[in-house]
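A.B. asks: Got a predicted structure plus its sequence, pasted below:
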Amino acid sequence: MSTPKPTVHFIGEAIEVIYTEPPIRFKDPACPQAFIWRGKKFAIVNLISQKTDFSRHGSYKRNMSEEHRSRAERIGSWGVGRYYFRVAVQTGQEFEIYYDRSPQGVDDRYGSWYLLQEYETD
């Protein structure tokens with residue numbers, strides 16, 4: 001008998017993250033200790049899993065040689081990539097949050113954090 005997959009609710013909204021100590025390198029963050037979504041603070045009590053995705057898409061994929069692109073997809077390059085964290089919070093809910101390294105403009109060179117989805121785990 002297989003374990004049923006959890007129901008996933010897509011959210012896709014920007015969040016603010018909280019660290020007790022700021023990351024040494026903003027473009028290579030660890031999981032935060034909490035985040036604020038829709039004005040409510042969610043304390044992270046457990047890091048369930050994490051992964052990175054440094055793949056390039058669209059014109060970013062075509063603007064490098066194969067050798068450089070394969071290296072960049074392994075270790076990342078400036079402004080490309082995402083860090084995903086599946087977390088449990090103090091309310092018992094499970095969420096997937098991610099940090100997008102791509103700058104959104106001159107005033108936002110550090111990228112942004114997002115709440116991707118909530119897992120319903122009944």
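C.D. replies: Cool, got the structure.

A.B. asks: What's the local residue count around T91?
C.D. replies: Burial of T91 is recorded as 10 neighbouring residues (other Cβ atoms under 10 Å). Quick note: C-beta positions are derived from backbone N, CA and C, even for glycine.

A.B. asks: Quick one: residues contacting it.
C.D. replies: By Cβ atoms under 8 Å, 6 or more residues apart in numbering, the contact set of T91 is F42.

A.B. asks: show me where this structure has strands.
C.D. replies: Assigned by DSSP state E, the chain shows strands spanning 7-18, 34-37, 40-53, 82-89, 94-100, 112-120.

A.B. asks: Among those, single out whichever gets nearest to F26.
C.D. replies: Judged by Cβ to Cβ, the one of these that comes nearest to F26 is strand 94-100, at 8.9 Å.

A.B. asks: That closest one packs against which elements?
C.D. replies: Using 3 or more Cβ pairs under 8 Å, 6 or more residues apart in numbering; DSSP states H and E, the elements in contact with strand 94-100 are strand 7-18, strand 82-89, strand 112-120.

A.B. asks: so where is this protein shaky, pLDDT-wise?
C.D. replies: Residues of the chain meeting the criterion pLDDT under 70: 1-4, 56-79, 104-106, 108, 122.

A.B. asks: just to revisit the earlier point, ranking the helices and strands packed on strand 94-100 by burial, who's on top?
C.D. replies: Each of these was scored by mean neighbour count; the highest is strand 82-89, a mean of 19, by mean count of other Cβ atoms under 10 Å.

A.B. asks: any chance of the strands of the chain in a markdown table, plus distance to K27?
C.D. replies: Putting the strands of the chain into a markdown table (distance: least, Cβ to Cβ, whole Å) gives the following:
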| stretch | distance to K27 |
| --- | --- |
| strand 7-18 | 14 |
| strand 34-37 | 18 |
| strand 40-53 | 12 |
| strand 82-89 | 9 |
| strand 94-100 | 9 |
| strand 112-120 | 12 |
